[in-house]
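Student: Sequence plus predicted model, see below.
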Amino acid sequence: MESNQVDKSRPCKRCNGTTKKQYDGSLCIWCRDVGNKDGIFPRPDFAAIIVALKPTRGKNKSGFRASAPRYKMADLDSLRIYYVWRWFRFHAGLDVTIPMNAELACTADPFSRELEAVSATLASAATGRVSQGTLRWGRALGYVSDTEMGKLEQVGQVGDFARESGPAFDENKPIEESSETK
Ligand SMILES: [Zn+2]
């Protein structure tokens, strides 16, 4: 098999496609609960996800829907749409709290890194800025210095959500995410 081939599917990150928990042989809930009974996840349809994230009515500033897309644990496509929506909000600076709910929803998804990369790309295209969530956390954790922050500030890369004193999320944060406060 060629290594540069685009893989159409990948095994579950939790059970490695065996559908069983390694330690006691019981069923892997991370496959079963998202409807993947064979332990294999299909490659996401990235274009369909982007289409699903368009505003449901009218236009909003970001060009993406403001309200959370509904998702069900048994519906992998819906989980992925929610995941990209939530990470988009993190990178775009609409909600810079850590997306714990979204990470939990896609914890076994072997394509989660690609999905997050799509969110980051969409966010920088929509805002013309670097990731505001990453900037805020980089600042809080000491990865981004005052000097770097000052330089970014000068070129208009620092929005309110990137500042430690700024808001952490907007009024569109779903109630289901209320445990995400940092
Ligand atoms: Zn599994």
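Tutor: Received, thanks.
Student: three-state assignment of the residue of the chain most remote from its centre?
Tutor: Note on the chain: the largest C-alpha distance from the chain mean falls to D24, namely 31.2 Å (C-alpha atoms, centre = their mean). The local conformation at D24, judged by DSSP: H, G, I helix; E, B strand; the rest coil, is coil.
Student: Against D7, how distant is it?
Tutor: Computed with C-beta to C-beta, to the nearest Å, the distance linking D24 and D7 is 29 Å. All C-beta spots, glycine's among them, are computed from the backbone N, C-alpha and C.
Student: ok, now which ones touch the residue farthest from the centre of the chain?
Tutor: Contacts for D24 (C-beta atoms under 8 Å, 6 or more residues apart in numbering) come out as none.
Student: can you check K173 too?
Tutor: Applying C-beta under 8 Å, 6+ apart, we find K173 in contact with 95, 180.
Student: That one belongs to a helix, doesn't it?
Tutor: No. Counting by three-state DSSP, K173 is not found in a helix; it is coil.
Student: quick one: the residue farthest from the centre of the chain from C15, how far?
Tutor: Distance from D24 to C15, by C-beta to C-beta: 12 Å.
Student: Check whether F41 sits in a helix, strand or coil.
Tutor: Assignment for F41 (three-state DSSP): strand.
Student: Dump stretch 27-41 to PDB, keeping only the CA atoms.
Tutor: Only the C-alpha atoms of stretch 27-41 are listed here, as PDB (Å, rounded to 0.1, in the frame of the first residue of the first chain):
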ATOM      1  CA  LEU A  27     -17.600  -3.600  23.600                       C
ATOM      2  CA  CYS A  28     -15.900  -0.300  22.900                       C
ATOM      3  CA  ILE A  29     -18.600   2.300  23.600                       C
ATOM      4  CA  TRP A  30     -16.800   4.900  21.500                       C
ATOM      5  CA  CYS A  31     -17.500   3.000  18.300                       C
ATOM      6  CA  ARG A  32     -20.900   1.700  19.300                       C
ATOM      7  CA  ASP A  33     -22.200   5.000  20.500                       C
ATOM      8  CA  VAL A  34     -21.500   6.800  17.300                       C
ATOM      9  CA  GLY A  35     -23.000   4.000  15.200                       C
ATOM     10  CA  ASN A  36     -19.700   2.500  14.000                       C
ATOM     11  CA  LYS A  37     -20.200  -1.100  15.000                       C
ATOM     12  CA  ASP A  38     -17.300  -2.300  12.900                       C
ATOM     13  CA  GLY A  39     -14.800   0.000  14.600                       C
ATOM     14  CA  ILE A  40     -14.000   1.800  11.400                       C
ATOM     15  CA  PHE A  41     -14.600   5.500  10.800                       C
END
